[in-house]
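> Have a look at this fold, sequence not included:
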């Protein structure tokens with residue numbers, strides 16, 4: 001295949017070839033965040049990343065054009081503050097935000113499922129522990145830690161292969 005979906009450089013299966021998390025409604029999310037308080041664009045990106053446990057971090061390429069569109073539609077206004085643009089809702093923006101029936105970032109985390117959220121935290125903790133052992137452990141401890149990581153990798157692939165020994 002060429003460069004389309006399924007091709008060597010295609011984007012048919014999302015990052016890393018795995019299941020892709022549903023994208024959120026950027027417009028609705030920005031309005032909901034700004035209903036809480038005025039924010040900078042990057043601050044909104046960070047806030048969405050945090051509220052979804054890292055499941056959804058909209059790109060600047062989707063956030064800033066949406067903010068510009070909302071400004072063009074008189075839903076938000078902005079002012080320069082410390083070299084950055086601070087966005088606030090207008091009356092029309094507050095009206096649209098209050099008409100929303102769901103919390104946009106909750107829709108994303110519900111679609112991702114609990115296992116995705118818990119796996120991110122488990123991986124973060126595992127990497128922290130590995131980092132500690134590799135930073136301050138003896139060579140023997142470091143070697144044992146790498147053995148544990150390599151064994152875990154093999155066992156995880158065993159789960160995919162339905163290997164009953166992987167569950168031991």
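Looks like it arrived, so ask away. Keep in mind that this is a model prediction, so the values were computed, not measured.
> Tell me which residues of stretch 83-103 come out buried.
Neighbour counts over stretch 83-103 (16 or more other CB atoms under 10 Å) mark 87, 89, 90, 93, 96, 97 as buried. (Glycine included, C-beta is placed from N, CA and C.)
> And the strands in this protein?
Using DSSP state E, the strands of the chain run over residues 39-40, 76-81, 84-89.
> could you dump the ones you listed to TSV with mean pLDDT?
Formatted as TSV, the strands of the chain follow (pLDDT from 0 to 100):
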stretch	mean pLDDT
strand 39-40	96
strand 76-81	94
strand 84-89	95
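> Can you say which of the ones you listed is nearest to residue 138?
Closest of these to residue 138 is strand 39-40, at 46.0 Å (criterion: CB to CB).
> okay, residue 164: pLDDT?
Here the pLDDT value assigned to residue 164 is 58.
> before we move on, back to that, for my notes, please list the strands of the chain in a markdown table and give distance to residue 152 for each entry.
Below are the strands of the chain laid out as a markdown table (distance: least, CB to CB, whole Å):
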| stretch | distance to residue 152 |
| --- | --- |
| strand 39-40 | 39 |
| strand 76-81 | 47 |
| strand 84-89 | 43 |
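> No further questions, thank you.
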